[in-house]
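Engineer: based on what follows, work out the 3D shape:
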Amino acid sequence: MEIILLFIAGIVIIYFIITIVNGISGQSNSDKLGDSDKLSEVRGEVILSGIYYKEKVNIVLYSDKIVINNLEIITLERVIRANSYSYSKPLHSRTTVSRLHHHLQIYFTDLYGREKTVSCYSCRKFWFTGVYEEFAKKINKLVCYTPPSKPKEPYEI
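Structural biologist: Residues are numbered from 1 along each chain as shown. Below is the predicted model of the structure:
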């Protein structure tokens, strides 16, 4: 009986030590970014104004910012708009089998006022079709951007 009580007391002490160490070391990156404000998240290969990331990257939309890989932060005040599109591309030149490619583009101004673009793309299966589209719609809604509508009557160009 005493051995069981000592064992339980040891577990409780270890738990408190781990809790204290975590409290002293501070919060993790995701805690600092405010996971409670997370609105949406996408994953894909990213090109950020000419810089290609070799691994898959997470882009997370919060109520006040966009975070790329928990490192780069773009505040929504600097975001201009976002758009998404998909297209089909043949796997080989001699085959009719094709793969659907999905793209997401986020246009923003950098700290020096120059317009930059984050491009994210993926070749996922059918379930992935609307993810980038919904992400772009959420961004556009947060930055109050409405895409230009197509005219319903003929017009001169």
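
Engineer: can you map out the strands along this structure?
Structural biologist: In the chain, the strands defined using DSSP state E lie at 38-48, 51-52, 57-62, 65-68, 72-75, 79-90, 98-109, 115-122.

Engineer: and those, which one's lowest on average pLDDT?
Structural biologist: Per-stretch mean pLDDT for the strands of the chain is lowest at strand 51-52 (a mean of 68).

Engineer: wait, isn't residue 82 in contact with residue 107?
Structural biologist: Yes. Under the criterion of Cβ atoms under 8 Å, residue 82 makes contact with residue 107 at 7.1 Å. To be clear about C-beta, it is placed using only N, CA and C from the backbone, and glycine gets the same treatment.

Engineer: domain ranges for the chain?
Structural biologist: Described in terms of automatic domain parsing, the domain architecture of the chain consists of the residue ranges 1-33, 34-142.

Engineer: in CSV: those, plus mean neighbour count and distance to residue 149.
Structural biologist: Formatted as CSV, those follow (neighbours: other Cβ atoms under 10 Å; distance: least, Cβ to Cβ, whole Å):
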stretch, mean neighbour count, distance to residue 149
domain 1-33, 10, 35
domain 34-142, 15, 14
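
Engineer: pretty sure residue 48 contacts residue 110?
Structural biologist: No. Checked against Cβ under 8 Å, the pair residue 48 and residue 110 is beyond contact range at 10.3 Å.

Engineer: what sits in contact with each of these two?
Structural biologist: residue 116 (Cβ atoms under 8 Å, 6 or more residues apart in numbering).

Engineer: just want the most central residue of this protein.
Structural biologist: Note on the chain: the residue nearest the mean C-alpha position is residue 59, at 1.6 Å, using Cα atoms, centre = their mean.
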